[in-house]
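1. requesting a structural model of the entry that follows:
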Amino acid sequence: MSITKYQIFVRTAICGSFTKAAEQLGFTQSGISHAIASLEDELGLQLMARGRGGVSLTADGRTLLPYFEQLCAMQHQLEEKAHDLQGLEIGLVRVGTFTSVSIQWMPHILKSFHELYPHIEFELMQGDDSEIERWVSEGRVDCGFISLPGNLKLPAWPLYRDQWKVITACDHPLAGREPFPMQALATQPFIQLDEGNDYEVHAVLDALDIVPNTQYTVREDMTIMAMVSSGLGISVMPELMLQNASYPLAQSHMSQLFYRTIGVCVKDEDACSASTMRFIEHVRHWVGSHYAEKNR
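-> Modelled structure (predicted):
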């Protein structure tokens, strides 16, 4: 069996769509469909159920997916190790990242890295902390940005202490209040993030013994900023996400300062490819040079 079929199957399982998988892999939709059908014929099993809303894994597909992921990861490691042995500055680095890092850091980091190593390619996967840790531990990505220390205690390098801020609409009665009267979070409409890393916000509120007056729960940071800017409520958000915000917002310090520590992690430092380690070293240097004052 061709490793390409495994890669197509894994990517289609992630995307839940032949069309999206085709776009990401550079194939036609019919080519993706044919590869999956061919894999199913070879194994004598139906791996995916087709429907109008996309595709989903069958029970057999869910059982075999971890094996396909492991084979793809081993193929990737083999190619990276061959490049290392040849002393070539080429390869593919797969990075797990979350919203604020994707928006505020990655464009600048990738641009400056490309100037140094133009032949190293990247594949980015965006998720929350728990997803990214799992992707790293399973070998689906080579490194990942997470809030430290993380649940799996993977080898990691701390990068930046990101302060939590309270955000309001610019015309809110409490806009820009320093420090923000935290008990207002228990009475004012609160907008919370429905993601795996929302536990960090609740940990802050628990430490302050505050139960927020949650009126809205959404899945995207940008949606929260838009809703807060429109006066629908107030929220708590990390400072990094608020840099160059697309919506007019007022932000305030908390009466007690809280931080999250952003770091970059790997599965096994000794087994990392040279391309991955060059990227991590570049990330550490870039963050250190651009946020030296913030990290003191």
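
2. can you show me the strands along the stretch 1-150 of the chain?
-> 48-51, 54-57, 91-97, 120-126, 143-148 (DSSP state E, counting those that start in this stretch).

3. among those strands, which is the most enclosed?
-> strand 143-148 (a mean of 25; mean count of other Cβ atoms under 10 Å). No exception for glycine: its C-beta is placed from N, CA and C like everyone else's.

4. please name every helix or strand in contact with it.
-> In this structure, strand 143-148 packs against strand 91-97, helix 129-138, strand 156-168, strand 259-265, helix 274-290, with contacts taken as 3 or more Cβ pairs under 8 Å, 6 or more residues apart in numbering; DSSP states H and E.

5. let's go with 6 Å and repeat that
-> strand 91-97, helix 129-138, strand 259-265 (3 or more Cβ pairs under 6 Å, 6 or more residues apart in numbering; DSSP states H and E).

6. relative to Ala156, how far out is Ile103?
-> Ile103 sits 21 Å away from Ala156, going by Cβ to Cβ, to the nearest Å.

7. cool, Ala73 as well?
-> 19 Å.

8. comparing those two, which residue is more hemmed in?
-> Each of Ala73 and Ala156 has its neighbours counted (other Cβ atoms under 10 Å); Ala156 has more, 23 against 18.

9. give me the pLDDT for the closest residue to that one other than its chain neighbours.
-> Closest residue in space to Ala156, ignoring its immediate chain neighbours: Cys265 at 3.8 Å, by Cβ to Cβ, 6 or more residues apart in numbering. According to the model's per-residue confidence, Cys265 sits at a pLDDT of 97.

10. hmm, Lys153 and Cys265 touching each other?
-> No - between Cys265 and Lys153 there is no contact under Cβ atoms under 6 Å: 9.3 Å.

11. count of residues packed around the nearest residue to Thr4 once chain neighbours are set aside?
-> In space, not counting the residues next to it along the chain, Thr4 is nearest to Ala35; the distance is 7.1 Å by Cβ to Cβ, 6+ apart. The criterion is other Cβ under 10 Å. On that basis, Ala35 has 22 neighbouring residues.

12. Ala35 and Arg52: what is the separation?
-> Counting by Cβ to Cβ - Ala35 and Arg52 are separated by 21 Å.

13. in the protein, what helix or strand scores lowest on average pLDDT?
-> helix 59-86 (a mean of 83; mean pLDDT, DSSP states H and E).

14. for the nearest residue to Leu242 once chain neighbours are set aside, give me its contacts.
-> Excluding its sequence neighbours, the residue lying closest to Leu242 (Cβ to Cβ, 6+ apart) is Gln251, at 5.8 Å. Contacts for Gln251 (Cβ atoms under 6 Å, 6 or more residues apart in numbering) come out as Lys165, Ile167, Leu242.

15. can you pick the most crowded of the residues you listed?
-> Ranked by neighbour count under the definition other Cβ under 10 Å, the contacts of Gln251 are headed by Ile167 with 25 neighbours.

16. please report phi then psi for the nearest residue to Trp164 once chain neighbours are set aside.
-> Counting by Cβ to Cβ, 6+ apart, Phe258 is the residue found nearest to Trp164 once chain neighbours are left out, at 4.7 Å. Backbone torsions for Phe258, taken as degrees, to the nearest 10, come to phi -130, psi 150.

17. how about Ile191?
-> According to degrees, to the nearest 10, the main-chain angles of Ile191 amount to phi -110, psi 120.

18. I'd guessed it sits against Ile224; true?
-> Yes - if you go by Cβ under 6 Å, Ile191 and Ile224 touch, sitting 5.2 Å apart.

19. so can I have CSV of the helices and strands packed on strand 143-148 showing distance to Phe68?
-> As requested, those are arranged in CSV below (distance: least, Cβ to Cβ, whole Å):
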stretch, distance to Phe68
strand 91-97, 16
helix 129-138, 11
strand 259-265, 24
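
20. surely Ser273 touches Leu78?
-> No - contact between Ser273 and Leu78 fails when scored by Cβ under 6 Å: they sit 10.4 Å apart.
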